[in-house]
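Peer 1: Just the structure for this:
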Amino acid sequence: MAIRLIATDLDGTTVRSDHRTISPRTRAAFAAARDAGIAVVAISGRQPYSIGALVAGTALEGPIIGSNGAVGVDLRDRSLLFEEMIEVDAQRALAERLVDAFPGVRIVSVRDGGNTYVGQYGYVGQRDPGAEHTLWAVDYLEASLDEVLAAPSLKLVISDPEVTPDQLLEVSRSWGIPGVHPTISGAPFLEVAREGVSKASALARLAHGLGIDPGEAVAFGDNTNDVEMLEWAGLGVAMGNATGPALAAADEVTLDNDADGVAVVIERLLG
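Peer 2: From the prediction side, this is the model:
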């Protein structure tokens, strides 16, 4: 296949299991792809400030996609490329059902291009993923649930210490609430985007702007939030450590993220 675009998830895929580093071999593979004229893009559930810290100094330091496809930023000048927001009525409808079903649920709204978190009082867990390594400062505000849901969100982060993300995903998807798209990424919470928004929808937007067909794209991923992207790309590659849904969606499986599985495939394709 003629390759013009390589898109890669970060945690569990390109980044080692320490969630902080990209191996020299994988860095070199992306640099070689870029030098060959192939567009390379990092795409993650993380927010742009956190993605930027992970890919700094690599060939991925350009246009990136965060929040599971809801936001695009060009790291070279920090310009906002696009945002896809969940409407207030839709997020309220989902939140009300979840709170009724799971009284221990607490919710965080991600806004402002991924630079502001508005978290419900009592939220327990890592409030701003990747905050230990950030490319720029972000804000975290505590508020009542009504205030959390009062403005549109790029993403809702939903957790309950007594309920697994898989349980939250199964229940929230079974309701079929219009306007929202729940998913999980391996993090200890449910992640919700606007209906129709996924890594695939964001890549389709980017590819269209570059005149690239899905058949000319390769995508790497390891979890449920990568499924649509793996199905969209001409070649969807799941990691050896991938979950069942990602494995089922992929065209092939490579080595795991700690064994440079992404680099192995890129090297072969550049052959």
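Peer 1: the helices in the stretch 1-150 of the chain, which residues?
Peer 2: Assigned by DSSP state H, counting those that start in this stretch, the helices in the stretch 1-150 of the chain fall at 24-35, 48-55, 88-101, 145-148.
Peer 1: Quick check: buried residues in the third one?
Peer 2: Of the residues in helix 88-101, those scored as buried under the neighbour-count criterion (16 or more other C-beta atoms under 10 Å) are 90-95, 98-99. To be clear about C-beta, it is placed using only N, CA and C from the backbone, and glycine gets the same treatment.
Peer 1: quick one: which of these is nearest Gly179?
Peer 2: Ala90 (2.7 Å; C-beta to C-beta).
Peer 1: residue contacts, that closest one?
Peer 2: Residues in contact with Ala90 (C-beta atoms under 8 Å, 6 or more residues apart in numbering) are 177-180, 194-195.
Peer 1: pLDDT at it, what is it?
Peer 2: Predicted confidence (pLDDT) for Ala90: 98.
Peer 1: Could you shift the numbering so residue one becomes 46, and keep it that way?
Peer 2: Got it, first residue is 46 now, which makes that one Ala135.
Peer 1: returning to what we had before: which members of the buried residues of helix 133-146 define the maximum pairwise distance?
Peer 2: Spanning the widest gap among the buried residues of helix 133-146 are Ala135 and Val144, at 15.2 Å by C-beta to C-beta.
Peer 1: Let me have the helices of the stretch 46-195 of the chain in a markdown table, extended by distance to Gly57.
Peer 2: Below are these laid out as a markdown table (distance: least, C-beta to C-beta, whole Å):
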| stretch | distance to Gly57 |
| --- | --- |
| helix 69-80 | 13 |
| helix 93-100 | 13 |
| helix 133-146 | 25 |
| helix 190-193 | 28 |
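Peer 1: Out of the ones you listed, the one nearest Asp301 is which?
Peer 2: Of all the helices of the stretch 46-195 of the chain, helix 69-80 comes closest under C-beta to C-beta, at 12.2 Å.
Peer 1: mean confidence for the closest one?
Peer 2: Mean predicted lDDT for helix 69-80 stands at 98.
Peer 1: what does stretch 169-177 give?
Peer 2: For stretch 169-177, mean pLDDT is 59.
Peer 1: One more: stretch 102-121?
Peer 2: Averaging pLDDT along stretch 102-121 yields 97.
Peer 1: ok, now stretch 48-62?
Peer 2: Stretch 48-62 shows a mean pLDDT of 98.
Peer 1: Sort out which residues of it are buried, please.
Peer 2: Buried residues in stretch 48-62, defined by neighbour count with 16+ other C-beta under 10 Å: 48-61.
Peer 1: Quickly name whichever of these is closest to Gly149.
Peer 2: Asp56 (25.4 Å).
Peer 1: what sits against the closest one?
Peer 2: Neighbouring residues of Asp56 by C-beta under 8 Å, 6+ apart: 64, 89-91, 230-232, 267.
Peer 1: beta partners of it?
Peer 2: Legend: beta-bridge partners of Asp56 under DSSP bridges are Val60.
Peer 1: How much space separates Asp54 from Ile96?
Peer 2: 11 Å (C-beta to C-beta, to the nearest Å).
Peer 1: what touches both of these two?
Peer 2: Common neighbours of Asp54 and Ile96, using C-beta under 8 Å, 6+ apart, are Ser89.
Peer 1: wait, doesn't Val116 sit right on Arg91?
Peer 2: No: here Val116 does not reach Arg91: they are 10.4 Å apart, not a contact under C-beta atoms under 8 Å.
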